[in-house]
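J.: Generate a structure from the sequence data that follows.
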Amino acid sequence: MKSRGVKARAGSVLLGIEEAQRIVLADVVPLPTETVFLLQALGRIIAEEIRAPWNVPMEDSSAMDGYAFSSGGLRGDRLEVVGFLPAGENRTVPVAPGTAVKIMTGAPVPPGCDTVIPVENVEADGNGIRLLRPAVPGDHVRKRGEDLRRDERVIPSGAYLRPQEIGMLASLGRVSVEVFRKARVTILA
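T.: Just a heads-up that it's a prediction; the model follows:
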């Protein structure tokens, strides 16, 4: 780093903090960048802006293990169970009013459903369920893009990468990231 301007003033006037910072920072340039694997990026400064490549969640999904159904199709407190939907699978057949599908946390809410009632709020009743509590439309449904919208800024350039940022990058499918190189410092005594 050069020290231009400091000698010319050092003999005559003591510099203020703002002026000294301005002089020093005028000669500072960012370090070069390098691409590293994600786990090597922990504790580093990211050199690129990260934007969400897709919506998170990608589609409406269940926030609980329970039963998905149409709140408008509910007559009384009983629903016939017509299927099971584990996480990672889709159901393309709409769920008819008055029926429900057993659903696991994270599974996409099937067509025709707008509400999920947790398993602890129902009682098995033959080939159906009885609701032990009233269900509010939209309950326990994570809406598409609720956490992140496609192209939303997730991590700004210049951010320090902590475990939570590394986890977010991994959830977005990143295996490597561009970071600023570590500074090399030499101390001569």
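
J.: A strand includes residue 179, no?
T.: Yes. Counting by DSSP: H, G, I helix; E, B strand; the rest coil, residue 179 falls inside a strand.

J.: Could I get the full set of strands for this structure?
T.: 33-37, 50-51, 61-62, 66-69, 78-85, 99-103, 115-118, 122-125, 128-131, 141-142, 153-155, 176-180 (DSSP state E).

J.: Out of those, flag the one nearest residue 17.
T.: Nearest to residue 17 among these is strand 176-180 (25.7 Å), distances taken as C-beta to C-beta. For every residue, glycine as well, the C-beta is placed using N, CA and C.

J.: between the closest one and strand 33-37, how many degrees?
T.: Inter-element angle recorded for strand 176-180 and strand 33-37: 150 degrees (by axes from the mean of the first three to the mean of the last three C-alpha atoms, to 10 degrees).

J.: and the end-to-end length of stretch 147-162?
T.: Stretch 147-162 has its terminal residues 19 Å apart, counting by C-alpha to C-alpha, to the nearest Å.

J.: Just the buried residues of that stretch, please?
T.: Under the neighbour-count criterion of 16 or more other C-beta atoms under 10 Å, stretch 147-162 has 148, 154-155, 161 buried.

J.: Turn the strands of the chain into JSON lines, columns for mean pLDDT and distance to residue 109.
T.: Putting the strands of the chain into JSON lines (pLDDT from 0 to 100; distance: least, C-beta to C-beta, whole Å) gives the following:
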{"stretch": "strand 33-37", "mean pLDDT": "96", "distance to residue 109": "36"}
{"stretch": "strand 50-51", "mean pLDDT": "97", "distance to residue 109": "26"}
{"stretch": "strand 61-62", "mean pLDDT": "94", "distance to residue 109": "6"}
{"stretch": "strand 66-69", "mean pLDDT": "95", "distance to residue 109": "5"}
{"stretch": "strand 78-85", "mean pLDDT": "93", "distance to residue 109": "9"}
{"stretch": "strand 99-103", "mean pLDDT": "95", "distance to residue 109": "7"}
{"stretch": "strand 115-118", "mean pLDDT": "96", "distance to residue 109": "7"}
{"stretch": "strand 122-125", "mean pLDDT": "90", "distance to residue 109": "17"}
{"stretch": "strand 128-131", "mean pLDDT": "93", "distance to residue 109": "17"}
{"stretch": "strand 141-142", "mean pLDDT": "96", "distance to residue 109": "6"}
{"stretch": "strand 153-155", "mean pLDDT": "97", "distance to residue 109": "24"}
{"stretch": "strand 176-180", "mean pLDDT": "97", "distance to residue 109": "33"}
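
J.: dump the residue contacts of the nearest residue to residue 102 once chain neighbours are set aside.
T.: In space, and not counting its chain neighbours, residue 102 is closest to residue 84: 4.6 Å by C-beta to C-beta, 6 or more residues apart in numbering. Residues counted as contacts of residue 84 (C-beta atoms under 8 Å, 6 or more residues apart in numbering) are 101-103.

J.: again, only this time at 10 Å
T.: Contacts for residue 84 (C-beta atoms under 10 Å, 6 or more residues apart in numbering) come out as 67, 91, 101-104, 107.
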